[in-house]
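>>> Provided below for reference: sequence and predicted model.
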Number of protein chains: 2
Amino acid sequence: MEKSYMKIINYVKREILAGALKPGDQLLPERELAEILGVSRNSVREGLRTLDNMGVIKSFHGSGNYIAGNFEETLTEVMTFMYMLKDMDYDRITEFRYALEWQAMNLAVRQATDQQRQKMQEYYKKLITADREETRVKYDKAIHYLLVQASKNDYMISNYKALNNIMDRYIPTMRGKIIEGMKSDERLINAHRRIVEGFVEGNYLKGRQGLNLHFRYIKEYKDYEEVHKNGME
Amino acid sequence: MEKSYMKIINYVKREILAGALKPGDQLLPERELAEILGVSRNSVREGLRTLDNMGVIKSFHGSGNYIAGNFEETLTEVMTFMYMLKDMDYDRITEFRYALEWQAMNLAVRQATDQQRQKMQEYYKKLITADREETRVKYDKAIHYLLVQASKNDYMISNYKALNNIMDRYIPTMRGKIIEGMKSDERLINAHRRIVEGFVEGNYLKGRQGLNLHFRYIKEYKDYEEVHKNGME
DNA sequence: AGAAATTTGTTCGTATGTATA
DNA sequence: TTATACATACGAACAAATTTC
């Protein structure tokens, strides 16, 4: 027997697939849903709460429930629990990020708008002229994020955001440390230059080479740091 | 003001981070949680239902709520709604899959066990000797999935599974069509051969080349099909 | 094997805060 | 401002499944 609170979830799924519900649409009131589906309001609410936390709907006190579609937070939540429960770590996140950025580069060189290419160059200038760690981290993030955004693939974009969110929440100093440790390192600047130039010029080979160098350097640096730290203990 | 059902979610998150809750552990009874957190049992249940649907816990009628950690279903659910609500399509899924397989190849060549390499060769033999569409689809899937599994990155594995699930549920004939349309095409066989050999030999360049060919061919084939279909209308 | 206790599943009734016309 | 519609939240009760003794 289908659990009661699943009825509301399947109902919404059916309505969306049938085209009867689109983003922005308001759902029927909880009481009506309860009547239609033959379950209690509490069961309806349990189902709606799940949909809310999945990002499918947004509930507004006193107003109603509306079809939303912001899944980034949901992915962040899910992956956060994966991070906490499944021995995920910085290396796994970085591997995943590299996969997404690599493919984003392939797609971006063909799809990026002039505005995006221009912005990419701005970010790069600000990165290399920055005189504070915060600023460097900010524009480093901006460059990588813009790259992924230009892929125009919402699956990939949402997942990338989720990975970034986890890093910011649980290992916030890692990025800064690495960037600081390499600020005088010409190699990382060089890697970023290739990423940006590849993106701007539509040269995916150059861009991918930049990414390759970038992720290799931060891995080398992190491994060195870990050995160094272990050696101190 | 924090919504009531969020209290239980944050409570579980805290307990997990503190190490007090691990996979398999049983949560306190709903009534006790309600008392501890100062909310009603209904609110506790709304929060638990969300955690359940996120894959964090599993509820068993008459027994209790237990920390679980199966996030693949959740990711499938979330991405299914993305598929339905955000104009996602086969091409986006394929782009994402390629990203994951590409990185999986990089990691697998170093990490794959002998058993996995052996299995990979078995699957390949069965793929090229298969005489039914079903069988070909089955071993095609097995090869690609084994590759991703060998990455040992649960983020990537769970996401890959989710993408596969969506394809199976909503565009189940697509894979079969492509494979059938190319069964006599030596190029696809050749691509798979390189993927398998690269994986088995630990040669990531060869493996990546195989993936490149593979994804290029299925895109070419699909684009041709679409033009063909449009021409018929 | 069976009965009692425990726990989740589900429902109803009620009160309250919020948004909208 | 008032009235109405709606979500939020609580408490009590019983059903159903499981565990325990």
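On my side now, so go ahead. Numbers count the residues shown, from 1 in each chain, chains lettered A, B, ... in the order given.

>>> can we go C-alpha only for contacts and neighbour counts from here?
Noted.

>>> Now tell me which helix or strand of chain A has the poorest mean pLDDT.
Using mean pLDDT, DSSP states H and E, helix A:172-181 stands out as the lowest-scoring helix or strand of chain A, at a mean of 80.

>>> Restricting to C-alpha, output that one in CSV.
Coordinates of each C-alpha in helix A:172-181 appear next as CSV, following Å, rounded to 0.1, in the frame of the first residue of the first chain:
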residue,chain,number,x,y,z
PRO,A,172,36.2,27.3,4.1
THR,A,173,39.9,27.9,4.7
MET,A,174,41.1,25.3,2.3
ARG,A,175,40.6,27.4,-0.8
GLY,A,176,42.2,30.5,0.7
LYS,A,177,45.2,28.5,2.0
ILE,A,178,45.9,27.0,-1.3
ILE,A,179,45.6,30.3,-3.1
GLU,A,180,47.7,32.1,-0.6
GLY,A,181,50.3,29.4,-0.6
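
>>> Give me the buried positions along that helix.
For helix A:172-181, the neighbour count (16 or more other C-alpha atoms under 10 Å in any protein chain shown) marks A:175, A:176, A:177, A:178, A:179, A:180 as buried.

>>> Just the helices from chain A, written as ranges.
Per DSSP state H, chain A carries helices over the ranges A:4-17, A:30-37, A:41-54, A:72-85, A:90-111, A:114-129, A:133-149, A:154-170, A:172-181, A:186-201, A:204-232.

>>> Identify the spatial nearest neighbour of the residue nearest to the spatial centre of chain A, chain neighbours not counted.
The residue lying closest to the centre of chain A (C-alpha atoms, centre = their mean) is residue A:161, at 1.3 Å. Spatial nearest neighbour of residue A:161, chain neighbours left out: residue A:72 (6.7 Å); criterion: C-alpha to C-alpha, 6 or more residues apart in numbering or on different chains.

>>> Not counting its neighbours along the chain, what's nearest residue A:197?
In space, and not counting its chain neighbours, residue A:197 is closest to residue A:207: 6.9 Å by C-alpha to C-alpha, 6+ apart.

>>> what sits against the one you found?
For residue A:207, the contact set (C-alpha atoms under 8 Å, 6 or more residues apart in numbering or on different chains) comprises A:105, A:194, A:195, A:196, A:197, A:198, A:199.

>>> per-residue confidence at residue A:71?
Residue A:71 carries a pLDDT value of 88.

>>> Settle this for me: it is touching residue A:157, isn't it.
No: between residue A:71 and residue A:157 there is no contact under C-alpha atoms under 8 Å: 10.4 Å.

>>> Residue B:16: which of the buried residues of helix A:172-181 is nearest?
Comparing the buried residues of helix A:172-181 against residue B:16 with C-alpha to C-alpha places residue A:175 closest, at 24.5 Å.

>>> Now do the contacts for the closest one.
By C-alpha under 8 Å, 6+ apart, the contact list for residue A:175 reads residue A:137.

>>> sorry, back to before: relative to DNA strand D, which of the helices of chain A is closest?
Closest approach to DNA strand D among these (C-alpha to the nearest atom of the strand): helix A:30-37, 4.0 Å.

>>> can the closest one be found next to DNA strand D?
Yes: for helix A:30-37, a contact with DNA strand D is found by C-alpha under 7 Å from any atom of the strand, at A:30, A:31.

>>> what's that helix packed up against?
Secondary-structure packing of helix A:30-37 (3 or more C-alpha pairs under 8 Å, 6 or more residues apart in numbering or on different chains; DSSP states H and E): helix A:4-17, helix A:41-54.

>>> Pull out the buried positions in it.
For helix A:30-37, burial by neighbour count (16+ other C-alpha under 10 Å) applies to A:30, A:33, A:34.

>>> ok, so what distance separates the first one from chain B?
Distance from residue A:30 to chain B, counting by C-alpha to the nearest C-alpha, to the nearest Å: 15 Å.

>>> Tell me how far that residue lies from residue A:48.
Separation of residue A:30 from residue A:48 (C-alpha to C-alpha, to the nearest Å): 9 Å.
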